[in-house]
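Student: please work out how this folds:
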Amino acid sequence: MIEITLTCPECGSGIAFTPTAGATEAQCKVCDHVEPVKFTPEHHEGVLKDCPSCERKDFYKQKDFNRKIGVVLFVMAALMTLYVATTEYAPYSVAPFIILYIFDFILFRRLKQVAICYKCNGIFRNVANIEEIHDFNHEMNDRIVYSDHDFKGEQLDHH
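Tutor: Now for the predicted structure:
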């Protein structure tokens, strides 16, 4: 079954839930804000065609990894590299980045894909049609975020 995480517009917390028959809202457990949602029969089957929150059809896929953790790991590797570079082990100063690369490679192979809504940044796990969803497109993102363009689920392609 599809798992959905929306961002609460009031407090920024995650609102995690699964589609249930007849549900028309999702409530934030932190600030009690109620976010309206609209489920289709496809959502109950795990198929993602439109967002239950903003009702847009524009999604991208990526690995299910917390970006903040990735930044923290990179900063830690950089700090370790600086420290090692100032010791007698300077020739091994690249070792923290090699370790981080190996760790990243292992995670990349093991983590599943998630779909993310360009408009509201809703996260969708266990999507049955994940292979139909394209990778992130910077131009689509900019046009959706800054000019509220609606691609209606069509991929932007320049030939």
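Student: per-residue confidence for the residue sitting furthest away from the middle of the chain?
Tutor: The C-alpha centroid of the chain is most remote from Glu88, which lies 41.5 Å away (C-alpha atoms, centre = their mean). On pLDDT, Glu88 comes in at 88.
Student: hmm, Lys57 is touching Gln155, no?
Tutor: No. If you go by C-beta atoms under 8 Å, Lys57 and Gln155 don't touch, sitting 11.0 Å apart. Placement of C-beta: from N, CA and C, glycine included.
Student: neighbour count: these two, which is higher?
Tutor: In this view Lys57 and Gln155 are compared by other C-beta atoms under 10 Å, and Lys57 has more residues nearby, 17 against 12.
Student: next, that one: secondary structure please.
Tutor: coil (DSSP: H, G, I helix; E, B strand; the rest coil).
Student: for it, give me its contacts.
Tutor: Lys49, Asp50, Cys51, Phe151, Lys152, Gly153 (C-beta atoms under 8 Å, 6 or more residues apart in numbering).
Student: remind me which residues of this protein are low pLDDT?
Tutor: 158-159 (pLDDT under 70).
Student: show me the helices in it, by range?
Tutor: In the chain, helices defined by DSSP state H lie at 41-44, 67-85, 95-110, 138-147, listed in chain order.
Student: how far does the first one sit from the chain's center?
Tutor: Going by C-alpha atoms, centre = their mean, to the nearest Å, the spacing between the C-alpha centre of helix 41-44 and its chain's C-alpha centre is 21 Å.
Student: by contact count, what packs against it?
Tutor: Using 3 or more C-beta pairs under 8 Å, 6 or more residues apart in numbering; DSSP states H and E as the contact test, no helix or strand touches helix 41-44.
Student: identify the residues contacting it?
Tutor: Outside helix 41-44, the residues touching it (C-beta under 8 Å, 6+ apart) are Met1, Ile2, Pro19, Ala21, Leu48, Lys49, Pro52.
Student: make it 7 Å
Tutor: Contact with helix 41-44 is made by Ile2, Pro19, Lys49, Pro52, as judged by C-beta atoms under 7 Å, 6 or more residues apart in numbering.
Student: which of these count as buried?
Tutor: The neighbour-count criterion (16 or more other C-beta atoms under 10 Å) marks Ile2, Pro19, Pro52 among the contacts of helix 41-44 as buried.
Student: surely the last one is in contact with Lys38?
Tutor: Yes. Contact criterion C-beta atoms under 7 Å: Pro52 and Lys38 qualify, at 5.5 Å.
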